[in-house]
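In: Pasting the sequence and the predicted model now:
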Amino acid sequence: MSAQSRIYVVIQVEKPQRLVEAYSPAQAIRHCAVKEYSARIPTTKEVVALMAAGVQVEVAAVEPKSNGLVADEKSI
């Protein structure tokens, strides 16, 4: 049986331009995203407030499993 999806609230901490040395664009993006975004399960009240403000639920694409060391461009 596969795991059931959940809704998470994703928060961007800051937005500066960055120079990142990496082996691929996917690795560079992952490096930045880990430090610039956070995600947690929202309360019911937060979901209601965000949806009332016009925020729509986005469905994340399922990605193939990787070892997490070096990603290729296909995983962007």
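Out: Received it, and whenever you're ready, just let me know what you need.
In: What are the boundaries of the strands in the chain?
Out: Taking DSSP state E as the criterion, the chain carries its strands at 9-12, 37-40.
In: Quick one, which of those strands gets closest to L50.
Out: Closest to L50 of the strands of the chain, according to CB to CB: strand 9-12, at 7.2 Å. Where C-beta positions appear, they are placed from N, C-alpha and C, glycine not excepted.
In: returning to that earlier point: could you point out which of the strands of the chain sits nearest V57?
Out: Proximity to V57 (CB to CB) singles out strand 9-12 among those, at 10.6 Å.
In: And the closest one, what's buried?
Out: If you call a residue buried by 16 or more other CB atoms under 10 Å, then strand 9-12 has no buried ones at all.
In: same deal with stretch 24-38?
Out: Buried, per 16+ other CB under 10 Å, within stretch 24-38: A26, Q27, A28, R30.
In: confidence score at A52?
Out: pLDDT, A52: 97.
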